[in-house]
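Engineer: Whatever this is, show me its structure:
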Amino acid sequence: MSTILCIDTASDRFALVLDRDGLVTALEAEAGRDHSKLLLPAIASLLGDEAKLDAILVVTGPGAYAGVRVGIATAEGLGLAHGAGVFGIGTLEAVALARRDEGETGPFAAIHPAGRGEFAIQRFEAGAPAGPVMITALADLTQDSRGEGAAQHGGIEVTPRQRAMAALRDRAPKIRSGELTAGAEAFYLREPNITVSRRQRAAS
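Structural biologist: Residues are numbered from 1 along each chain as shown. The predicted structure is shown next:
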């Protein structure tokens, strides 16, 4: 039996999908800024009495800095605990895979909120990337946008659950056949906005 877990924490809502030799179960839940508190209990609930994970697939961004960081750290911790390989997939590729599952291969723009009223954006054509990942302003989104927040601008919404389901559907056979090399590195569009605390400023 081969069991693969997919973790998507790139949004305020997180998604988990578990593939037990083709038997798929999934959940999506609100996390806000509490990914670190809610993710492991949700994984335990989804796994139930499952003894072992054989692989973990994790969405690596772009997305919420803390969410992506927690998702990757959790995947790596589970990988060590279960002796399982950890594999990464980008948020925008997962968006494109979700649309491919609906029969749409492009051209369209896969998008994801990038903070500060901006979006990460990447063009896809024939199901493949047709350009680099960039940042665009909210006002520049068009009706061919696909992803979180796209529906507000005449595009098509793609939820974390849809991303995770599509990502695992694409990657699970490749992981099982040994086609993919393990590794999951976070993809950030910009450096995190971290400031010195008041206590540290006072001490200095």
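Engineer: all contacts plus neighbour counts: C-alpha atoms, from now on.
Structural biologist: Fine.
Engineer: can you give me the mean pLDDT across stretch 13-24?
Structural biologist: Computed over stretch 13-24, the mean pLDDT rounds to 96.
Engineer: what do you get for stretch 78-89?
Structural biologist: Per-region confidence: stretch 78-89 scores 97 on mean pLDDT.
Engineer: helix, strand or coil for Ala81?
Structural biologist: helix (DSSP: H, G, I helix; E, B strand; the rest coil).
Engineer: okay, now the domains of the protein?
Structural biologist: 3-90+160-177, 92-153 (automatic domain parsing).
Engineer: Any idea how far apart the tips of the last one sit?
Structural biologist: Right, domain 92-153. Taking C-alpha to C-alpha, to the nearest Å, the first and last residues of domain 92-153 lie 18 Å apart.
Engineer: who's the most centrally placed residue in the chain bridged to?
Structural biologist: A centroid search over the chain (C-alpha atoms, centre = their mean) returns Val59, at 3.0 Å, as the residue closest to the centre. Counting by DSSP bridges, Val59 is bridged to Ile89.
Engineer: Next up, the contacts around it.
Structural biologist: Val59 makes contact with 6-10, 68, 71-72, 88-91, 94, 164 under the criterion C-alpha atoms under 8 Å, 6 or more residues apart in numbering.
Engineer: Just the closest of these to Arg176, please.
Structural biologist: Here the nearest of the contacts of Val59 to Arg176, counting by C-alpha to C-alpha, is Cys6; it sits at 13.9 Å.
Engineer: That closest one contacts Ala166, correct?
Structural biologist: No. Contact criterion C-alpha atoms under 8 Å: Cys6 and Ala166 do not qualify, at 10.0 Å.
Engineer: neighbour count winner among these two?
Structural biologist: Neighbours were tallied for Cys6 and for Ala166 using other C-alpha atoms under 10 Å; the higher tally belongs to Cys6 (31 against 23).
Engineer: got a pLDDT number for Leu138?
Structural biologist: Model confidence at Leu138 (pLDDT) stands at 87.
Engineer: So it versus Pro113, what's the distance?
Structural biologist: 9 Å.
Engineer: Need the overlap of contacts for those two.
Structural biologist: If you check Leu138 and Pro113 against C-alpha under 8 Å, 6+ apart, the residues they both contact are Phe119.
Engineer: what about these two, which has more around it?
Structural biologist: Neighbours per residue (other C-alpha under 10 Å) separate Leu138 from Pro113, with Pro113 holding more: 22 against 15.
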